[in-house]
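> structure for the following, please:
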Amino acid sequence: MIASFLLAIVLIIILGIYMYNWSLNTVKNEIINSSTAQVSFYLTSLEEEIERIKILQHESLTDEYLGKLAVRYSIMDEYEIMESMRKLHQRLVTIHNSSSYTSNVSAHILPIQKTISSTATVSPIDMDKLDQIRVPAGETGAQLVQYKNNLYITTLHAGNAGLPQKYMIEIELDMAAFQEALGQFHTYDNSGSFLIDLTHDIVISGKGNDANVRLQDLVGNYHELKSGNVTYSNINGQKMYVVSVKSDYLNILLLRYIPQELIFVPLRDFYIWLWVFTGAGALIMLFYSIYTYNLIHKPMRKLVGSFRHVESGNFNVSIHVNSKNEFGYLYQGFNSMVQNVSTLIEQVYKQKILNQRAELKQLQSQISPHFLYNSLFLINTMAKLGDDNLIPFTKLLGDYFQFITRNASDFLPLREEVEHARTYSEIQFMRFPSRLTIQFEDLPDEVKDIQVPRLILQPILENAFKYAVEQTKVKGLITMRFQLEDRALCIIVEDNGTNLSESKLSTLQKLLLDKSNIETSGLINIHRRIRLIYGDEHGLILERSAMGGLKVTLQLDPKASV
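Numbering: from 1, shown residues only. Prediction:
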């Protein structure tokens, strides 16, 4: 329930965040598109204006008075010269006044070496300037030329039929007018624009531009910018959107920059309400979580905790019932169930313990007769031969049977079990002194006093004697060593017997795994007892020894309580 409610609230919050981001992107795109449209419109208008000025410039090449001054100046009287200059000046002034982007219009008459301008009437021709402002051959577009950081539009009368050039019309563009026109883009605080003549790398800063905003901070290489590009810059810690539009006809790039914070102004109230909505949703989730925690989760956790106590074997658990709701009914049912189960388990457990103890006693009793037979036969033989070892042998044999006939407890310290195994080994060594070598590793101090089942080592040694000594002609070698690992104590017995085939080893391994096997003597006896006490992960592991015989690994749990 809590997860479903939280999921619903989270989805609503995500939807609100999505709507906010969508609105933000929409407003941002609208502002950028509007800015791009304004910049494009201005450049288009500028192209049309320059083209109109060029048309007027070309029309002035055919001016009647300009032609007279260039051709007939030497035969004209003074009045006619003055009148022609006045008429030409009026035409130049008309062109000058026709556009706010012109600062001066001049006619350079080469035959008479005079310049007539809209602002300074008549003056001598500046040939250096004339050479500099001529349009280079092959240039296309608006054919703007640069001279002393100013832009000019020029056209030259080339003459007819190979005659010399006669005159040039020069129009000087007004940089201040461009700055004034660019001021229209200074509609927001810290916003502005730059007009860049890409042909001559002339940069015109719009009126009202912040002096701290430099072109090189806005863009890197402006020659690589394309029309309609929108880039982002960070100037003095303030993020800027930079819109660029290019005029191919003029080869001019217009940049307009807008602070990013202006885009967030229309959404400021919406942004506040988004946080209010998010905070309200978080509070609702908090109160609902506390409410459902006390109503459902806390009682449920108490019930689950009680079940876990029962799972761990603790049946002395009861839940106090202090309510009449559904959980009160469950608590009463749980208490009744635990009481009934505890009674049944106690009955079954006691019966199982009694059965296990009887089985252990029965398994233990199977070990003694086998060794007794061999021992009596050996005493008989030693008595007939008058062997001097008869007395110590009978003493060892007495110690041996005293150990296995004690019924005080089914468990004893490991050091006593190992000592009994040594006693058994000494008995066998006295039987085969020339054919047997026995190596016992010292028992680690930390495991000497752990409780283990009785008679778990002697049958393993007995098996090794039987197959490594009695049935082989080579000298037998039996070793016992101890390995203490993290969760297991391994007692390893190995022999160098030569009669263990792979098929016989495989058969022994299968017998250990066969739970239906009714044979309970020898190694199978020990394996079944260990697993019965310590669990299925313990017992015997049978492998081929590096010495050639059988390797028996007995795994015990040194930390288990028995």
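> name the helices or strands packed onto the longest helix belonging to the chain?
Longest helix of the chain, by residue count under DSSP state H: helix 2-60. Contacts defined by 3 or more Cβ pairs under 8 Å, 6 or more residues apart in numbering; DSSP states H and E place helix 2-60 against helix 78-97, strand 150-156, strand 167-173, strand 238-247, strand 252-259, helix 261-264, helix 268-292. (C-beta placed from N, C-alpha, C; glycine too.)
> would you agree P453 is in contact with I530?
Yes: at 7.1 Å, P453 and I530 qualify as touching, with contact defined as Cβ atoms under 8 Å.
> got the domain ranges for this protein?
Following automatic domain parsing, one gets these domains for the chain: 61-173, 366-556.
> possible to save the ones you listed as a markdown table with mean neighbour count and distance to S227?
Shown next, in a markdown table, are the domains of the chain (neighbours: other Cβ atoms under 10 Å; distance: least, Cβ to Cβ, whole Å):
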| stretch | mean neighbour count | distance to S227 |
| --- | --- | --- |
| domain 61-173 | 16 | 15 |
| domain 366-556 | 16 | 74 |
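> where does pLDDT dip in the stretch 151-300 of the chain?
Residues of the stretch 151-300 of the chain meeting the criterion pLDDT under 70: 158-165, 263-271, 274.
> thinking again about what came up before, in JSON lines: the helices and strands packed on helix 2-60, plus distance to L43.
Converted to JSON lines, these look like this (distance: least, Cβ to Cβ, whole Å):
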{"stretch": "helix 78-97", "distance to L43": "23"}
{"stretch": "strand 150-156", "distance to L43": "15"}
{"stretch": "strand 167-173", "distance to L43": "15"}
{"stretch": "strand 238-247", "distance to L43": "5"}
{"stretch": "strand 252-259", "distance to L43": "6"}
{"stretch": "helix 261-264", "distance to L43": "22"}
{"stretch": "helix 268-292", "distance to L43": "33"}
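> and the longest helix of the chain with strand 167-173, angle?
Here helix 2-60 runs at an angle of 150 degrees relative to strand 167-173 (axes from the mean of the first three to the mean of the last three Cα atoms, to 10 degrees).
> if I take helix 2-60 and helix 78-97, what angle do their directions form?
Inter-element angle recorded for helix 2-60 and helix 78-97: 170 degrees (by the same axes, to 10 degrees).
> beyond helix 2-60, next helix or strand please.
For helix 2-60, the succeeding helix or strand toward the C-terminus, using DSSP states H and E, is helix 64-71.
> and that following helix, what does it pack against?
helix 78-97, strand 102-109.
> what's the shortest one packed up against?
Contacts of strand 102-109 with other secondary structure elements, assessed using 3+ Cβ pairs under 8 Å, 6+ apart, are made with helix 64-71, helix 78-97, strand 114-117, strand 167-173, helix 175-182.
> nearest to I427 among those would be which one?
helix 175-182 (116.0 Å; Cβ to Cβ).
> columns distance to Y467 on top of the helices and strands packed on helix 64-71, output as TSV?
Formatted as TSV, the helices and strands packed on helix 64-71 follow (distance: least, Cβ to Cβ, whole Å):
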stretch	distance to Y467
helix 78-97	127
strand 102-109	121
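> closest one to S503 among the ones you listed?
When the helices and strands packed on helix 64-71 are compared by Cβ to Cβ, strand 102-109 sits nearest S503, at 114.8 Å.
> now do the closest one against helix 78-97, angle only.
Going by the same axes, to 10 degrees, strand 102-109 makes 150 degrees with helix 78-97.
> partner strands of strand 102-109 and their direction?
Applying DSSP bridges to the sheet, strand 102-109 is found paired with strand 114-117 (antiparallel), strand 167-173 (antiparallel).
> what angle do it and helix 64-71 make?
Here the directions of strand 102-109 and helix 64-71 differ by 40 degrees (the same axes, to 10 degrees).
> and the angle from strand 102-109 to strand 150-156?
Going by the same axes, to 10 degrees, strand 102-109 makes 30 degrees with strand 150-156.
> now the angle from strand 102-109 to helix 175-182?
Angle of strand 102-109 versus helix 175-182, following the same axes, to 10 degrees, is 150 degrees.
> so how far is strand 102-109 off the chain centroid?
Strand 102-109 sits 69 Å away from the centroid of its parent chain (Cα atoms, centre = their mean, to the nearest Å).
> do stretch 149-157 as well
With Cα atoms, centre = their mean as the basis, stretch 149-157 stands 62 Å off its chain's centre.
> what's the answer for stretch 235-251, then?
Remark: stretch 235-251 is offset 37 Å from the chain centroid, using Cα atoms, centre = their mean.
> then that stretch to CSV, C-alphas only?
Output of stretch 235-251 as CSV, limited to C-alpha atoms (Å, rounded to 0.1, in the frame of the first residue of the first chain):
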residue,chain,number,x,y,z
ILE,A,235,30.8,35.4,-19.2
ASN,A,236,31.8,36.5,-15.7
GLY,A,237,29.7,33.7,-14.2
GLN,A,238,26.6,34.6,-16.2
LYS,A,239,25.3,32.1,-18.8
MET,A,240,24.4,33.6,-22.2
TYR,A,241,22.5,32.3,-25.2
VAL,A,242,24.1,33.5,-28.4
VAL,A,243,22.1,33.6,-31.6
SER,A,244,23.9,34.0,-34.9
VAL,A,245,22.5,34.8,-38.4
LYS,A,246,24.7,35.3,-41.5
SER,A,247,24.1,37.2,-44.7
ASP,A,248,25.8,35.6,-47.6
TYR,A,249,25.1,38.6,-49.8
LEU,A,250,26.8,41.0,-47.5
ASN,A,251,29.1,38.4,-46.0
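> residues in contact with the closest residue to F411 other than its chain neighbours?
Using Cβ to Cβ, 6 or more residues apart in numbering and skipping residues adjacent in sequence, the residue nearest F411 is Q451, 4.4 Å away. If you count contacts by Cβ atoms under 8 Å, 6 or more residues apart in numbering, Q451 has them with F411, L412, P413, L414, V562.
> which parts of the stretch 451-562 of the chain are strands?
Counting by DSSP state E, counting those that start in this stretch, one finds strands in the stretch 451-562 of the chain at the ranges 451-453, 476-484, 489-495, 539-544, 550-556.
> between those strands, which gets nearest to G192?
For the strands of the stretch 451-562 of the chain, proximity to G192 was assessed by Cβ to Cβ; strand 476-484 is nearest, at 82.4 Å.
> using CSV, list the CA coordinates for the closest one.
These are the backbone C-alpha positions of strand 476-484, laid out as CSV (Å, rounded to 0.1, in the frame of the first residue of the first chain):
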residue,chain,number,x,y,z
GLY,A,476,52.9,-50.6,5.5
LEU,A,477,52.8,-46.9,6.3
ILE,A,478,49.8,-45.2,8.1
THR,A,479,49.7,-41.5,9.0
MET,A,480,47.2,-39.5,11.0
ARG,A,481,47.2,-35.7,10.9
PHE,A,482,44.9,-32.9,11.8
GLN,A,483,43.8,-29.7,9.9
LEU,A,484,41.8,-27.0,11.6
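> now do the same contact list for I196.
I202, V203, I204, L215, Y222, I252, L253, L254, L255.
> need the residues you listed in CSV (columns: distance to L6 and neighbour count).
Formatted as CSV, those follow (distance: Cβ to Cβ, whole Å; neighbours: other Cβ atoms under 10 Å):
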residue, distance to L6, neighbour count
I202, 62, 17
V203, 57, 15
I204, 59, 20
L215, 52, 14
Y222, 52, 19
I252, 58, 25
L253, 53, 23
L254, 52, 25
L255, 49, 26
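> for L195, state which of these is nearest.
Ranked by distance to L195 (Cβ to Cβ), these are led by I204 at 4.2 Å.
> ok, that closest one touching L195?
Yes: with contact defined as Cβ under 8 Å, I204 counts as touching L195 (4.2 Å).
> which neighbours do these two share?
Both I204 and L195 are in contact with F178, L182, where contact means Cβ under 8 Å, 6+ apart.
> sec struct for the nearest residue to F393 once chain neighbours are set aside, please.
Once flanking residues are discounted, F393 sits nearest to M430: 5.4 Å by Cβ to Cβ, 6+ apart. For M430, the secondary structure call by DSSP: H, G, I helix; E, B strand; the rest coil comes out as helix.
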